[in-house]
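Q: Next input, structure requested:
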Amino acid sequence: MTKKVLVAGAAIAGLLVLTVLGLFLFLDANQFRPQLEQAMGGALGRKVAIGNIKLALFSGGIAVDDFSLADDPAFSDAPFVTAKAVTVGVDLMSLIFSRSLRVESVRLEEPQVVLLNSPSGEWNFSGLGGGTTAGAPSTVSGGSAAAMNIVVQKIEIVNGRVLIGTPGTRGKERVYDSVNLEVDNLSLASQFPFRLTARTPGGGTVSLDGRAGPFNTTDAADTPFQTTLEVRGLDVASTGFVDPASGLAGTIDFTGDLASDGQRLTSKGEVTATGLQLVSGGTPSRVPIEIDYESDYSRKPGTGVVKRGDVKIGKAVAHLTGNYDASGETFTVRLALSGNKMPAPDLEATLPAIGMRLPSGASLRQGTLDVKLMISGPVDRLVIAGPIDLSNATLAGFDLGGKLGALPSLGGVPTGGDTVIQTLAATLRVAPEGIRADGLNLLAPAIGTLTGNGTIAPGGEMNFRMLAKLTAAAASQVSRVTSLTQPANGIPFKIEGTMTNPIFVPDVGRAASDLLRDPEAVKKAASAIRGLFGGRKQ
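A: Next up is the predicted model:
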């Protein structure tokens, strides 16, 4: 008896399978195209166009060719989303027996999404889910009210491509490829989890894992979310956010948390910049720079505040605070960087990032550095300005006395393989056009005090006008002519050449001018010359 029941059950099951197969063979799924276009268009608030529709028996859904979602007409006439193939998972029993369409999942294969941001800060995806918009039917499924009731168990984007740009600049967008997105239990009225991975321009990677919702049907950009963000190997120069001629370069790693209530975005995490370069003519930093930060950002008007930024370079720690503005075409900042008693040797490897280099073969063996700098302007044309103060340092491998001793007016200055610097203070301005140092004051105990001002071109060429005021011990070792004609305010000279090979030369014009303004010095010089040639004093 049992055997007969099993056989009968198998026969009935087989008959049902054949019935369903027959329905699939003879049912034209394209008859559902208008209904599917209207349902999707109503949910998204944009016009949707799809191509041929096929029933996919084994995947339990509908296969759609040539999917297209219109852009906001205020941004572009081109599609916002295109995909060669879309699989829509549906309740097959409802579809076959009651001709009722119930969407359970959506999978987009190799789609392309174009994200555009206007100068006012508005995005072209802001109107998604907002009911009817230009190009979308006004009678679709009750508009946004029906959209709010939509629940889709799973949405997938597989191997997608995202282009980010501004209206009217097609062909110049930043491209993020290998984009994969998973959204579970999408409801426009409640939170839903999502996971996203992508490859950034230049070969880096980005991943997000979090929750979003409820969906803001007025402006999708205001939808709340919380997510963990991880970025690896982001190439700054390849992102398209900076002018390649600016010199700004490096790779960025980031791990942190982001949370938005729709209007205010808070973020905190750790940034590691490797090979960072900040100015044209600079070279990459030889050590990584780490920043542990917290920030608040207001989407409207597009401004933010850096509440905390601890900048770490080896054992050196500086503190970064300030604000930034992302509302315009270029991201701009106004930040204050301060650091006290930072180990100078740890900072040496970062000097090339701002276009500064030590003389060839030289290194900072010891010392501490205090800085109080303002960092302002567009990120690709930064200006870094403020006072610096180096104390108790040793510049190993550089003989300052030897450089000065090559000058006729400073012959006999004490020399040595290293230069001990008691203090070095200056006000710096590092900008795209080069570096300027004002109020330079260097005290080397074995030599004296060097003061002056000067510039360093982006290529490293130096142009400094200096004064050397020797210590009593150093002055006693120079030649008789030099000691007798040394001006009260110091001996003038110039520093030319490059940072890696500075050349010290006499400042003849300034020396003559100073001499003429000092009658006493003229008498001493004349007396010295007479003495050299055996003349008699008058």
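
Q: Which strand or helix spans Asn453?
A: strand 448-456 (DSSP states H and E).

Q: That strand pairs with which strands?
A: strand 434-444 (antiparallel), strand 462-470 (antiparallel) (DSSP bridges).

Q: of all the ones you listed, which lies closest to Leu108?
A: In terms of Cβ to Cβ, the element of these nearest to Leu108 is strand 434-444, at 50.3 Å. C-betas here are computed from N, CA, C, even on glycine.

Q: Give me the distance from that closest one to the chain's centre.
A: How far strand 434-444 lies from its chain's middle: 30 Å, per Cα atoms, centre = their mean, to the nearest Å.

Q: Using neighbour counts, pick out the buried residues of that strand.
A: For strand 434-444, the buried set under the neighbour-count rule, 16 or more other Cβ atoms under 10 Å, comprises Gly434, Ile435, Arg436, Ala437, Leu440, Leu442, Leu443, Ala444.

Q: For Ile456, which of the strands paired with strand 448-456 is the nearest?
A: Of all the strands paired with strand 448-456, it is strand 434-444 that lies closest to Ile456, at 4.1 Å by Cβ to Cβ.

Q: Which residue comes closest to the spatially most central residue of the chain once chain neighbours are left out?
A: Closest to where the C-alpha atoms of the chain average out (Cα atoms, centre = their mean) is Val236, at 5.7 Å. Once flanking residues are discounted, Val236 sits nearest to Gly250: 5.1 Å by Cβ to Cβ, 6 or more residues apart in numbering.

Q: follow-up on the earlier one: the residue nearest to the centre of the chain: what's it in contact with?
A: Val242, Leu248, Ala249, Gly250, Thr251, Ile252 (Cβ atoms under 8 Å, 6 or more residues apart in numbering).

Q: so what's it scoring on pLDDT?
A: Val236 carries a pLDDT value of 86.

Q: Would you mind measuring from it to Gln277?
A: Noted for Val236: a distance of 9 Å to Gln277, by Cβ to Cβ, to the nearest Å.

Q: Closest to Arg264 out of the buried residues of strand 434-444?
A: The closest of the buried residues of strand 434-444, once distances to Arg264 are taken by Cβ to Cβ, is Ile435, at 38.3 Å.

Q: right, and the closest one touches Arg357 too?
A: No - Ile435 lies out of contact with Arg357 (Cβ atoms under 8 Å); the separation is 10.8 Å.

Q: hmm, back to that, let's have the buried residues of strand 434-444 in CSV, adding pLDDT and distance to Leu229.
A: As requested, the buried residues of strand 434-444 are exported to CSV (pLDDT from 0 to 100; distance: Cβ to Cβ, whole Å):
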residue, pLDDT, distance to Leu229
Gly434, 91, 36
Ile435, 93, 35
Arg436, 97, 38
Ala437, 97, 40
Leu440, 97, 43
Leu442, 97, 45
Leu443, 97, 48
Ala444, 95, 49
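
Q: With only the CA atoms kept, save stretch 35-49 in CSV.
A: The C-alpha trace of stretch 35-49 is given here as CSV (Å, rounded to 0.1, in the frame of the first residue of the first chain):
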residue,chain,number,x,y,z
GLN,A,35,4.0,46.2,-15.5
LEU,A,36,7.6,45.6,-14.5
GLU,A,37,8.8,49.0,-16.0
GLN,A,38,6.0,50.8,-14.2
ALA,A,39,6.6,49.0,-10.9
MET,A,40,10.4,49.7,-10.9
GLY,A,41,9.9,53.3,-12.2
GLY,A,42,7.4,54.0,-9.5
ALA,A,43,9.7,52.7,-6.8
LEU,A,44,12.7,54.7,-8.1
GLY,A,45,10.9,57.8,-9.3
ARG,A,46,12.7,57.6,-12.6
LYS,A,47,11.7,56.2,-16.0
VAL,A,48,12.8,52.6,-16.5
ALA,A,49,13.3,50.9,-19.9
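
Q: Now do the buried residues in it.
A: 36-48.

Q: And the furthest pair within the residues you listed?
A: Leu36 and Gly45, at 16.0 Å, using Cβ to Cβ across those.

Q: What is the burial count for the residue lying closest to Glu329 once chain neighbours are set aside?
A: Leaving out its chain neighbours, the residue that sits closest to Glu329 by Cβ to Cβ, 6+ apart is Pro119, at 5.9 Å. Neighbour count for Pro119, taken as other Cβ atoms under 10 Å: 10.

Q: And Pro73, by the same measure?
A: Pro73, neighbours per other Cβ under 10 Å, totals 13.

Q: Quick one: end-to-end length of stretch 186-205, please.
A: End-to-end distance for stretch 186-205: 25 Å, by Cα to Cα, to the nearest Å.

Q: Could you tell me how far that stretch lies from the centre of the chain?
A: For stretch 186-205 - counting by Cα atoms, centre = their mean - the centre lies 20 Å from the chain centre.

Q: same deal with stretch 35-51?
A: 37 Å.

Q: Check stretch 207-220 too.
A: 24 Å.

Q: returning to what we had before: in terms of helices and strands, where is the residue nearest to Val236?
A: Going by DSSP H and E, Gly250 is in strand 249-260.

Q: what packs against the following helix or strand past that strand?
A: Later in the chain than strand 249-260, the nearest helix or strand by DSSP H and E is strand 264-277. Strand 264-277 is packed against strand 249-260, strand 289-298, with contacts defined by 3 or more Cβ pairs under 8 Å, 6 or more residues apart in numbering; DSSP states H and E.

Q: quick one: contacts of strand 264-277?
A: Contact with strand 264-277 is made by 229, 247-260, 283-285, 288-299, 304, 350, 352-353, as judged by Cβ under 8 Å, 6+ apart.

Q: Please repeat the previous calculation with a cut-off of 7 Å.
A: With contacts defined as Cβ atoms under 7 Å, 6 or more residues apart in numbering, strand 264-277 is touched by 247-259, 283-285, 288-299, 353.

Q: Tell me the strands beside it, with direction?
A: Sheet pairing for strand 264-277, using DSSP bridges, gives strand 249-260 (antiparallel), strand 289-298 (antiparallel).

Q: of those strands, which approaches Ala475 most closely?
A: So among these, strand 289-298 is nearest, using Cβ to Cβ, at 43.5 Å.

Q: list the contacts for the nearest residue to Val333 once chain neighbours are set aside?
A: When the adjacent residues along the chain are set aside, Val333 lies closest to Tyr324, with 4.5 Å between them (Cβ to Cβ, 6+ apart). For Tyr324, the contact set (Cβ under 7 Å, 6+ apart) comprises Thr303, Gly304, Phe331, Thr332, Val333.

Q: If any of those residues are buried, give me the ChimeraX selection for them.
A: Buried residues among those (16+ other Cβ under 10 Å), as a ChimeraX selection:
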select :304,332,333
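
Q: pLDDT and secondary structure for the contacts of Tyr324 - can I get that in TSV?
A: Converted to TSV, the contacts of Tyr324 look like this (pLDDT from 0 to 100; DSSP: H, G, I helix; E, B strand; the rest coil):
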residue	pLDDT	secondary structure
Thr303	93	strand
Gly304	95	strand
Phe331	86	coil
Thr332	92	strand
Val333	94	strand
